[in-house]
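# With the sequence up front, the predicted model follows.
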Amino acid sequence: KYRGGKVMDYAQIKVTIDERVGVITLCHPPRNSFTKRMLMEVLAALDEFEDNDVVRAVMMKSEGPDFSKGADFDDIDDEWTGAGEIKETFSELGGRLVERVDFYPKPTLVAARGICFGGSAAVFSSFDIRIVGESFQMHDGDIYYGTCGSWGMSSLRLPAWIGRNRMLDYMFLNENFTGRQLYEMGMVSKVVSDELVDQVGLKFAKKMSKAAPIAARICKESIRRVTLPNYAELRKLEQADAEYIYTTEDAKNGLTTLTENEDGPMCE
């Protein structure tokens with residue numbers, strides 16, 4: 001039962017505990033796309049782990065060759081047409097998940113390989129520690145699809161976290177940034193071989209689980225106050241910008257093109 005009031009049976013993620021580490025595994029082949037249901041399942045798992053006194057740290061990883069190819073195209077289409085059972089928007093659910101991970105009272109770590117595209121880049125970036133494999137590639141091209149960030153990351157957190165110049169490089173160069181490039185930009189903590197991603201991730205998650213819980217929580221809160229002292233105001237501005245831009249023809253045309261490309265648009 002997550003704090004949104006829904007009872008969840010996990011269908012698109014796996015939830016396990018390894019010693020003091022709560023592990024969330026994305027398992028929604030073939031793309032590991034973030035459906036609205038997956039977003040809700042991850043939120044529920046985070047609530048479950050927060051309420052479990054045994055769990056002292058949380059790790060996210062994925063099955064298959066890719067971390068995630070972003071928001072699910074079928075759910076995007078349903079949102080545009082008003083269909084689908086889950087009426088909350090991607091902006092609402094994605095923004096809630098990014099905020100939940102960033103504000104999470106326990107240490108968090110993500111271990112990823114392969115493609116990390118679109119909305120999944122926002123989720124990935126929200127974790128405290130980010131371990132990637134040599135095959136890792138991140139692509140987040142909102143401005144080339146006629147949209148802007150609405151999950152509280154590229155338009156809000158990243159400019160504060162990595163700086164103005166690197167943020168403009170990230171958005172305008174729009175490359176498939178490798179793990180090594182992202183490490184140099186300050187967006188990745190460590191780069192290891194693909195075969196060792198999960199192993200190294202779990203090793204560090206177990207180390208993080210040994211941190212004193214109250215000290216870890218207060219440390220995270222202190223850092224957030226320094227980096228985003230006016231978060232609530234900035235989040236409202238981001239949401240207003242996103243609400244406006246989604247009404248434009250640029251956004252409608254860009255998202256239509258995006259959902260028609262099954263592989264996801266990757267920069268030339």
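Thanks, I have the structure now. Note that the structure is predicted; figures quoted are calculated from it, not measured.

# my read: residue 217 touches residue 105, true?
Yes - counting by Cβ atoms under 8 Å, residue 217 sits close enough to residue 105 to count as a contact (4.4 Å). C-betas here are computed from N, CA, C, even on glycine.

# Helices of the stretch 1-150 of the chain, residue ranges please.
Listed in chain order, the helices of the stretch 1-150 of the chain (DSSP state H, counting those that start in this stretch) span 36-51, 73-81, 90-102, 119-125.

# Show me what the second one is packed against.
The one in question is helix 73-81. On a contact count with 3 or more Cβ pairs under 8 Å, 6 or more residues apart in numbering; DSSP states H and E, helix 73-81 meets helix 90-102, helix 249-260.

# by contact count, what packs against the first one?
The one in question is helix 90-102. Contacts defined by 3+ Cβ pairs under 8 Å, 6+ apart place helix 90-102 against helix 36-51, helix 73-81, helix 119-125, helix 231-245.

# Quickly, which of the helices of the stretch 1-150 of the chain bottoms out on average pLDDT?
For the helices of the stretch 1-150 of the chain, the bottom mean pLDDT is recorded on helix 73-81, which sits at a mean of 74.

# Just the CA trace of that helix, in CSV.
Output in CSV follows, covering the C-alpha atoms of helix 73-81 (Å, rounded to 0.1, in the frame of the first residue of the first chain):
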residue,chain,number,x,y,z
PHE,A,73,4.5,5.0,-25.7
ASP,A,74,1.1,3.3,-25.3
ASP,A,75,0.5,5.2,-22.1
ILE,A,76,1.6,8.5,-23.8
ASP,A,77,-0.9,7.8,-26.6
ASP,A,78,-3.7,7.0,-24.0
GLU,A,79,-2.9,10.2,-22.2
TRP,A,80,-3.3,12.3,-25.3
THR,A,81,-6.6,10.7,-26.2
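
# coming back round to it: return the most buried member of the helices and strands packed on helix 73-81.
Mean neighbour counts were compared across the helices and strands packed on helix 73-81 using mean count of other Cβ atoms under 10 Å; the top stretch is helix 90-102, at a mean of 21.

# That one: how far from the chain's middle?
Centroid separation for helix 90-102 versus its chain: 8 Å, with Cα atoms, centre = their mean, to the nearest Å.

# In a markdown table, list the helices of the stretch 1-150 of the chain along with distance to residue 13.
Written out in a markdown table, the entries for the helices of the stretch 1-150 of the chain read as follows (distance: least, Cβ to Cβ, whole Å):
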| stretch | distance to residue 13 |
| --- | --- |
| helix 36-51 | 5 |
| helix 73-81 | 16 |
| helix 90-102 | 12 |
| helix 119-125 | 12 |
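
# and among those helices, the most buried is which?
Ranked by average neighbour count under the criterion mean count of other Cβ under 10 Å, those are headed by helix 119-125 at a mean of 27.

# roughly how far is that helix from the heart of the chain?
How far helix 119-125 lies from its chain's middle: 3 Å, per Cα atoms, centre = their mean.

# what residues does it touch?
For helix 119-125, the surrounding residues in contact (Cβ atoms under 8 Å, 6 or more residues apart in numbering) are 32, 34, 42, 60, 67-71, 90, 94, 97-98, 101, 110, 112, 116, 130, 138-140, 149, 151-154, 157-158, 161, 187.

# thinking again about what came up before, columns distance to residue 15 on top of the helices and strands packed on helix 73-81, output as CSV?
Conversion of the helices and strands packed on helix 73-81 to CSV gives the following (distance: least, Cβ to Cβ, whole Å):
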stretch, distance to residue 15
helix 90-102, 15
helix 249-260, 29
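
# Would you mind pulling the contact partners of stretch 27-36?
With contacts defined as Cβ under 8 Å, 6+ apart, stretch 27-36 is touched by 12-14, 26, 38, 62-64, 66-75, 84, 86, 88, 90, 93-94, 119-120, 123.

# cool, stretch 136-143 as well?
Stretch 136-143 is touched from outside by 67, 112-118, 121-122, 124, 148-149, 154, 170-172, 174-179, 182, 187-188, 191, 264-267, with contacts defined as Cβ under 8 Å, 6+ apart.

# Distance across it, terminal residue to terminal residue?
For stretch 136-143, the first-to-last residue distance is 22 Å (Cα to Cα, to the nearest Å).
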